[in-house]
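1. model this:
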Amino acid sequence: MERCVQYFIACCCLLTIVSCGSNHSQPLALLTADSLITNHPDSALLLLDEIAADAETWPKEDRMRYYLLRNRAEDKCHILHDNDSVMQEAVRYFDKHGSSLDRALAWFELGRVYDEMQLTGDALNAYNHSQATDTLSTDSAVLSIRARAANQIGQVNMYQDLYRQSQPHFRKAIQLGELAGDTVVQIYALRNLARSHVALEQYEQGVAMFKKAAQMALDCDDAESFQTIQVELSDTYLNLDDLPQMKASLDACHGLETTDSCILTNQYANYYLATGNLDSAALFYVQRDAMLNSADILAERQQYREAFELLGRSIAKDDSLTAVEKGQNANLIAMLNKKLDNERRQDAKLRRQDLIIIALSLFLLGLVLFAYFTIKHKNLLNRLQREKADKLMQELREAQQQPRPSRVHGAREFSETTLYTNFHDPRFVPKLADYNALEDALNTTYDGCIEKVRQLNGKLKDKEIMLCMLEKAKVPNKLICAFLGMEPNALSMMRSRLYYKLFKRKGTADLFHEFISTL
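-> Predicted coordinates for the structure are as follows:
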């Protein structure tokens, strides 16, 4: 019994080892970078740079996850992208082999790339794919990505001045963020919704959304977001000339520990300037971007020395606000350059398309003209041939009205020749020389009858000329079929075709026989 138990335990251990070995585990460096990306994206990007060469040799799944993670890290580090090929490859892979979270995240990151490349339509398409991923999933991570995608759709619309169209997407982002328990996306979506209301001069709704977003940021100790929202709220009150409320919004930020207080300081300066308190405004306008405003205030009070010293300090001081704006301007310039590059590429593409369209149009026009003139030339040739055939028929009819004795005598003599007798003999097998002799005899006897046939249409086949000769020599149909190797119905159709070739009009076998008989 103990041996059975030991054997059973050994089998279980072996199966466990095999099953564990079959599961795919991600590289440790990739897992480490993933853990750093949220709070330390710069460290994550540094690590991803170090393993870039190794990542290209990894299995495809790990390589695609590396691409996706790197794009996220670069996005969080504000590194602009100008190429979508890597993310396109990742999207194709995760669409087939990834989880709902992988698909949603890959499409979202592709949308971010298109946003930076100023390809608005492609960005919206990518965000829509991300937002529509597994709509029945209750996974908080999937819901969070879908919420962010909805927020980005709203932002893209808002940046196109489509404020009303953006609002349903912001509300969708808030709803999905609430289901996911993601307060960050809720804060951003509420702030964006407030901005859209203010842009539409719906100030009451805008103020309410700003306050709700600020309270949510305060509840989760997000001092940076709270300060930014309060400054935007104060700016709304400034537009409404509600200076007490503006001051209250700014005062709510006292005591916060933030990395950049310059936006708050600058807004305080705007407040004091609006209230006419020039002394306080001058104290707050110490940032480099506001030095001209400060100098104007001091110059107005005739404090020229102080104005000069302030300008000197402002020029020498490169504070955080200026640094941020420098970065924003650099990003803006880069985005504009990329937009211009995209426009140039689009213009070049449109020019190529125009050239292709022009070339195709000219080719089609040439083809139509060629067809037109070919048909016209063919119709002209057919008309001339019809006129020639009609003239010949008229001459033949006139000749029949006044038969010549020499022609009748010649026909009688031809019918008594060996050549004539041979072509009426079922046992005779004519050769090419026999047909040549028959053509010479018919032309001599009937005033060049076969030559006239050739003149009507110089493109007749040898077999068709043979039929004309046999018809003129009054060879029976049965023998004609035997000599030419044809069935009776095929012979009849051949006579109809020959009549059309000679007269360029439809005709029957009888009309062809009548024509040959009158030659």
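
2. Could you list the low-confidence segments of the protein?
-> For the chain, the stretches with pLDDT under 70 are 1-25, 259-262, 278-341, 343, 395-404.

3. for the residue positioned nearest the centre of it, phi and psi?
-> Nearest residue to the geometric centre of the chain (Cα atoms, centre = their mean): D122, 9.5 Å. When quoted as degrees, to the nearest 10, the phi and psi of D122 stand at phi -70, psi -40.

4. Next, work out how far apart it and D115 are.
-> 9 Å (Cβ to Cβ, to the nearest Å). For the C-beta atoms, the positions are set from N, CA and C on the backbone; glycine is no exception.

5. Over to S43?
-> 25 Å.

6. Contact partners for the residue nearest to the centre of the chain?
-> 84, 114 (Cβ atoms under 8 Å, 6 or more residues apart in numbering).

7. how about 10 Å then?
-> Applying Cβ atoms under 10 Å, 6 or more residues apart in numbering to D122 gives the contacts 84, 110-111, 113-115.

8. what sits up against stretch 378-389?
-> Here stretch 378-389 has contacts from 452, 455-457, 499, 501-505, 515, using Cβ under 10 Å, 6+ apart.

9. my bad, should have said stretch 52-70
-> 24-27, 29-31, 33-34, 37, 44-45, 47-49, 51, 79, 85-87, 89-94, 97-98, 102, 105-106, 108-110.

10. domains in the chain, as residue ranges please.
-> The record's domain parsing of the chain by automatic domain parsing lists 28-258, 403-518.

11. Neighbours of K431, how many?
-> Counted by other Cβ atoms under 10 Å, the residues lying close to K431 total 9.

12. distance of it from N422?
-> For K431, the distance to N422 - Cβ to Cβ - is 11 Å.

13. One more: L68?
-> 93 Å.

14. Please identify which of these two sits among more neighbours.
-> Just comparing L68 and N422: by other Cβ under 10 Å the higher neighbour count belongs to L68, 24 against 15.

15. The helix or strand harbouring Y127: which residues count as buried?
-> Element membership of Y127, judged by DSSP states H and E, is helix 120-131. By neighbour count on 16 or more other Cβ atoms under 10 Å, the buried set for helix 120-131 is 122-124, 126-131.

16. Now list whatever residues contact both of K431 and N422.
-> A437.

17. wait, D241 sits on A274?
-> Yes. At 8.3 Å, D241 counts as touching A274 under the criterion of Cβ atoms under 10 Å.

18. if you count what's nearby, which of these two comes out ahead?
-> Set D241 next to A274 and count neighbours by other Cβ under 10 Å: A274 wins out with 14 against 9.

19. could you say which helix or strand contains L105?
-> Short version, using DSSP H and E: L105 is in helix 100-116.

20. mind listing the strands for this structure?
-> With DSSP state E, there are no strands along the chain.

21. So which of the buried residues of helix 120-131 is the closest to D354?
-> D122 (22.8 Å; Cβ to Cβ).

22. count of neighbours near E204?
-> 9.

23. What of H169?
-> With other Cβ under 10 Å as criterion, H169 counts 26.

24. quick one: it from N192, how far?
-> 9 Å.

25. Mind listing the shared neighbours of those two?
-> 151-152, 154-155, 158.

26. Columns neighbour count and distance to L381 on top of those, output as CSV?
-> Formatted as CSV, the shared contacts of H169 and N192 follow (neighbours: other Cβ atoms under 10 Å; distance: Cβ to Cβ, whole Å):
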residue, neighbour count, distance to L381
N151, 28, 75
Q152, 24, 70
G154, 28, 72
Q155, 22, 71
M158, 21, 71
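
27. Closest one of these to L176?
-> N151 (9.0 Å).

28. any idea how far stretch 102-109 is from the chain center?
-> 20 Å (Cα atoms, centre = their mean, to the nearest Å).

29. Pull out the buried positions in it.
-> So, applying 16+ other Cβ under 10 Å, buried residues of stretch 102-109: 102-109.

30. Stretch 430-450 too?
-> 430, 435, 437-439, 441-443, 445-447, 449-450.

31. Sitting in helices, which of those do you find?
-> If you go by DSSP state H, these have 435, 437-439, 441-443, 445, 449-450 in helices.

32. got TSV for those residues, with distance to M209 too?
-> Below are those laid out as TSV (distance: Cβ to Cβ, whole Å):
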residue	distance to M209
Y435	103
A437	110
L438	107
E439	104
A441	111
L442	107
N443	107
T445	112
C449	104
I450	102
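
33. now, among the residues you listed, which is nearest to H197?
-> I450 (98.9 Å).

34. From F512, how far off is that closest one?
-> Counting by Cβ to Cβ, the gap from I450 to F512 is 14 Å.

35. Neighbour count for S43 and D115, which is higher?
-> Each of S43 and D115 has its neighbours counted (other Cβ under 10 Å); D115 has more, 23 against 14.

36. Would you check that that one makes contact with V156?
-> Yes. Proximity of D115 to V156 meets the contact threshold set by Cβ under 10 Å, at 7.0 Å.

37. Now do the shared contacts for the two.
-> Contacts common to D115 and V156, judged by Cβ under 10 Å, 6+ apart, are 123-124, 127.

38. residues near the closest residue to V185 other than its chain neighbours, how many?
-> The shortest distance from V185 to any non-neighbouring residue, by Cβ to Cβ, 6 or more residues apart in numbering, is to G177 (4.1 Å). G177 is flanked by 25 other residues according to other Cβ under 10 Å.

39. Tell me which residues touch G177, please.
-> Per Cβ under 10 Å, 6+ apart, neighbours of G177: 143-144, 146-148, 150-151, 183-190.

40. Can you select the buried ones from those in ChimeraX?
-> Restricted to buried positions by 16+ other Cβ under 10 Å, the ChimeraX selection for those reads:
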select :143,144,146,147,148,150,151,183,184,185,186,187,188,189,190
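
41. Just the closest of the contacts of G177 to N477, please.
-> R146 (86.5 Å).

42. how close does that closest one sit to A73?
-> 21 Å.

43. And for P244?
-> In terms of Cβ to Cβ, P244 sits 45 Å off from A73.

44. okay, those two: which has more neighbours?
-> Shown here are P244 and A73; by other Cβ under 10 Å, A73 has more neighbours (24 against 9).

45. Now do the contacts for that one.
-> So A73 contacts 33-34, 36-37, 40-49, 79 (Cβ under 10 Å, 6+ apart).

46. Which residue, other than its chain neighbours, is closest to it?
-> In space, A73 is closest to L45, 4.1 Å off (Cβ to Cβ, 6+ apart).

47. Then Y114?
-> A123 (3.7 Å).

48. ok, that neighbour touching H81?
-> No. With contact defined as Cβ under 10 Å, A123 does not reach H81; the gap is 11.7 Å.

49. Residues in contact with both of those two, list them for me.
-> 110, 112-117.

50. Just the buried subset of the residues you listed, please.
-> 110, 112-117.

51. got JSON lines for those residues, with distance to A473 too?
-> Below are the buried ones among the shared contacts of A123 and H81 laid out as JSON lines (distance: Cβ to Cβ, whole Å):
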{"residue": "L110", "distance to A473": "85"}
{"residue": "R112", "distance to A473": "92"}
{"residue": "V113", "distance to A473": "87"}
{"residue": "Y114", "distance to A473": "85"}
{"residue": "D115", "distance to A473": "90"}
{"residue": "E116", "distance to A473": "91"}
{"residue": "M117", "distance to A473": "86"}
